[in-house]
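1. here's a sequence, model it:
(2 chains)
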Amino acid sequence: MKKLFVGLLVLTLILAMGAASAQDVVVAEPGQEVNMILLPKFLGIAVFDEANQGAQEAHAELENPGTLEFLGPTAENSVAGQIEIVTTAASRDDIDAIMISNNAGDQLVPAVEAASEAGQAVVTWDSPIPSGAGEALFIAQVDFDETGRVMAEMARSILGEDGGSFAILSASPDAANQNAWIAALLEVLEEPEYENLVLLDTVYGNDQTEESYNQALALVDQYPEMELIMAPTSVGITAAAKAMQDEGLCDTVKVSGLGLPSEMIEFTLNGCAPEFALWSFVDLGYVTYYATYLLATGAMEAEEGVTFEAGRMGEYTIEADPTREEGLRIVMGPFSVYNIDNIEEAVGGAMEEMEATATPGS
Amino acid sequence: MPNFLKRWESLLLIILVVVVVFNITQSPVFLRTENLINLFSLHIEKIIVALVMTLIIINGEIDLSVASVMGLAACLMATLYEQGTPMELAILVALGAGVLCGIFNGFWIAYIGLPSLAVTLAGLIGYRGIASMLVEDRSVTGFPEWFNALGQDALVGPLPLAMIVFFFLAVAVFIALHYSGYGRYIYFIGNNLEAARYSGVRVKRIKLSLFVVSSTIAAVAGILFAARLGAVRSSTAEGFELDIITMVLLGGVSIFGGKGTLGGVILSILIVLCLRNGMNLLSITGNTQSTVIGVLLILSVLIPNLTQVLQELSRRRQYVLQKE
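-> Predicted coordinates:
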């Protein structure tokens, strides 16, 4: 009898715990109709197409009968175009949620506030609203401070123990993500172990291949002592690596930063860009979709401490964003650092993964 | 020619009606006040400048520097404010810079006789250069609340300040162009510069005044743009000159001067804005949108020229027939 009682007690406890944890973690209920827009900084960039692929995967998985539209401005019209698309979307009844990789800085605030006031779920991914205004949640690809540390470590591993001089080739001056990473990198450089890394200059190629290419060459002309170009953008890093390769400078000036393995493989194998890092944009689009779906269906509120499940990516907890004064975020992570030892495997693996997800998704 | 102009505007009116009817049937949102305000607000600075550009092109000139003047005014205002100048004063200085740009452009064109294409192209590069020196690669924000509210909030009824500026300016330009001696001189000079000169028209003074008005209004538009976005960077308004000239040419204003009406330009502005808004409501963005606008412009330049060529051909044939 006593045994039975203890057994029942244990069983009750287990059930109670199960119920409690089920309550704590918000899980998406598939099949609800949510019309969504995925807005990249602009169209025609591989990483954003990958994010769209991840979002489409989640869209199919959650059996959302609504639409998921991948809309974006052209590259030369990015800022005005993003403002126009968000402002127009805010006035549409048929749109329930919008997911933005912000390229317009705080210039987008009036537009996202209009969307929020219209009852749409506004989630940023890849690049947030700097002031956090009008945005429910930011899906950070990685911890922004970690990005600074990873870049500092790559710089040290390429330049060696003696250190050296390097320059940063960034995207646009309004890109909140790049600016935050650069700020984090500068902070890490303050530490004594990195004191022999000297930052010469920060220039902007606006995520345009030709502009970035020319900026990289201009850096070489301006700073003969420069040994490394650090580009925290997938467009900038390939343009810089191509420029160094074309000019035969790869022995003296190396390139590093954040890049896509499939675009960087030739430069890593030929030594122009011996090491770079990135996270998966497919996963970023996937997690962003899950979070947005939960917010738009009312299953979840964007509040500190709320934990939700994002399908195959597991659980995430919403926290205050330490890189901004206001705003909530989740951090997806992790970083992958690519070099000659693992890049071929990464590119091969990514290809297989793309083929695997492309078939059922489409 | 007036007959043809009439026909061009009727064509524009038909296109506009088609676009509007299409938008209404495709999207329930289109006719809502909020959307109609958005439709204007998203491009209000460009269409303000387009009104004065109409006068310049009818006069037989062009002003390519307008977007750079917009950027320069916004950057100058932002830099001064950042350095502690009161916002009101910073705005006045920025407007003053606009006037100076206009005097500079107008002096070379009207008094030295250089082609406006070259002078204002230099302005396009030079004024943008100064703007970039002022703000560099930064983004300046944190303007006073009242300033951002002027750009973003409704001032009278549902209308924001920029739209009120547009309507008043449109009326002023309309009267000046179609109901004043000044307007008749603008057409006269655009049609035949030499004849105007020998008839005692003060060509230099009129040309100078047009470029000063153009740059000053561009500076106003640049400041309104800064207020609407609440932020300024050196590339503010970059490339706008092409959109502005597109709208004026589509309105039936001849790039060679002397021909065109403000009514035509207003119709073309409405067409471009409704078209863009409709495409956005239907989720057509990016390159598709640019292509549609581009095709429209090619047609607007092609159709009047084709008509002209055809008319010329038929006249020659009649002449040959008469001789025989």
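
2. any idea how far the residue nearest the centre of chain B is from residue A:113?
-> To find the centre residue of chain B, average its C-alpha atoms and take the closest one (Cα atoms, centre = their mean): that gives residue B:50, at 1.5 Å. In this structure, residue B:50 lies at 29 Å from residue A:113, with Cβ to Cβ, to the nearest Å as the measure. All C-beta spots, glycine's among them, are computed from the backbone N, C-alpha and C.

3. now swap in residue B:186 and tell me
-> The spacing between residue B:186 and residue A:113, counted by Cβ to Cβ, is 43 Å.

4. look at those two and report which has more neighbours.
-> Between residue B:186 and residue A:113, counted using other Cβ atoms under 10 Å in any protein chain shown, the more crowded position is residue B:186 (26 against 18).

5. now do the contacts for whichever residue of the stretch 51-200 of chain B sits closest to chain A.
-> Per Cβ to the nearest Cβ, residue B:137 is where the stretch 51-200 of chain B lies closest to chain A, at 4.2 Å. For residue B:137, the contacting residues are A:173, A:202-204, B:234, taking Cβ atoms under 8 Å, 6 or more residues apart in numbering or on different chains as the criterion.

6. quick one: which of those has the most company?
-> Neighbours here mean other Cβ under 10 Å. Within the contacts of residue B:137, the largest count is held by residue B:234, at 24 neighbours.

7. any weak-confidence spans in the stretch 1-150 of chain A?
-> A:1-23 (pLDDT under 70).

8. how about the residues of it by chain B?
-> In this structure, the stretch 1-150 of chain A approaches chain B at residues A:37, A:42-43, A:69, A:71-74, A:76-77, A:79, A:81, A:83-85, A:87-89, A:91-93, A:104-107, A:109-110, judged by Cβ under 8 Å from any Cβ of the partner chain.

9. buried among these? Need that as a selection in PyMOL.
-> Typed into PyMOL, the next command selects the buried ones out of the residues of the stretch 1-150 of chain A next to chain B (criterion: 16 or more other Cβ atoms under 10 Å in any protein chain shown):
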select buried, chain A and resi 37+42+43+69+71+72+73+74+77+79+81+83+84+85+87+88+89+91+92+104+105+106+107+109+110
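
10. can you flag which of the residues of the stretch 1-150 of chain A next to chain B belong to strands?
-> Counting by DSSP state E, the part of these found in strands is A:37, A:69.

11. okay if I get the contacts of residue B:137 as a markdown table plus distance to residue A:27?
-> As requested, the contacts of residue B:137 are exported to a markdown table (distance: Cβ to Cβ, whole Å):
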| residue | distance to residue A:27 |
| --- | --- |
| A:173 | 41 |
| A:202 | 43 |
| A:203 | 46 |
| A:204 | 42 |
| B:234 | 48 |
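
12. now go through these and say which are in strands.
-> Residues from the contacts of residue B:137 lying in strands, with DSSP E as the criterion: A:202-204.

13. residue 267: what's it in contact with?
-> No chain specified, so I'll use chain A. With contacts taken as Cβ under 8 Å, 6+ apart, residue A:267 has the following neighbours: A:238, A:241-242, A:245, A:255, A:273.

14. wait, chain B was what I had in mind.
-> The neighbourhood of residue B:267, defined by Cβ under 8 Å, 6+ apart, consists of B:9, B:12-13, B:16, B:251.

15. equivalent analysis for residue B:276, please.
-> Neighbouring residues of residue B:276 by Cβ under 8 Å, 6+ apart: A:84, B:42-43, B:289, B:293.

16. the nearest residue to residue B:47 once chain neighbours are set aside: neighbour count?
-> With Cβ to Cβ, 6 or more residues apart in numbering or on different chains as the criterion, residue B:47 has its nearest non-adjacent residue at 5.0 Å, and that residue is residue B:269. Other residues near residue B:269 number 25, with proximity taken as other Cβ under 10 Å.

17. how near is residue B:269 to residue B:137?
-> From residue B:269 over to residue B:137 (counting by Cβ to Cβ), the distance is 33 Å.

18. from the ones in strands among the contacts of residue B:137, which are also near chain B?
-> For chain B, the contacts drawn from the ones in strands among the contacts of residue B:137 by Cβ under 8 Å from any Cβ are A:202-204.

19. buried ones in stretch B:112-123?
-> Using 16+ other Cβ under 10 Å, the residues of stretch B:112-123 that count as buried are B:116, B:119-120, B:122-123.

20. can you tell me which of those residues are in helices?
-> B:116, B:119-120, B:122-123 (DSSP state H).

21. who in the stretch 51-200 of chain B is up against chain A?
-> The stretch 51-200 of chain B has residues B:137-139, B:141, B:152 near chain A, with proximity defined as Cβ under 8 Å from any Cβ.

22. bridging residues for residue A:338?
-> In this structure, residue A:338 has beta-bridge partners residue A:276, where bridges are defined by DSSP bridges.

23. residue contacts, it?
-> A:259, A:261, A:264, A:268, A:275-278, A:346.

24. surely residue A:154 and residue A:256 touch.
-> Yes. Counting by Cβ atoms under 8 Å, a contact exists between residue A:154 and residue A:256, whose distance comes to 4.8 Å.

25. hey, what's in contact with both of the two?
-> When contacts are counted by Cβ under 8 Å, 6+ apart, residue A:154 and residue A:256 have A:230, A:275-276 as shared neighbours.

26. of those, which is the most crowded?
-> Using other Cβ under 10 Å as the contact criterion, the top neighbour count among the shared contacts of residue A:154 and residue A:256 goes to residue A:276, which has 31 neighbours.

27. for residue A:154, see how far away it is.
-> Taken as Cβ to Cβ, the spacing of residue A:276 relative to residue A:154 amounts to 7 Å.

28. can you pull the residues that touch both of those two?
-> Listed as contacting both residue A:276 and residue A:154 by Cβ under 8 Å, 6+ apart are A:256-257, A:337.
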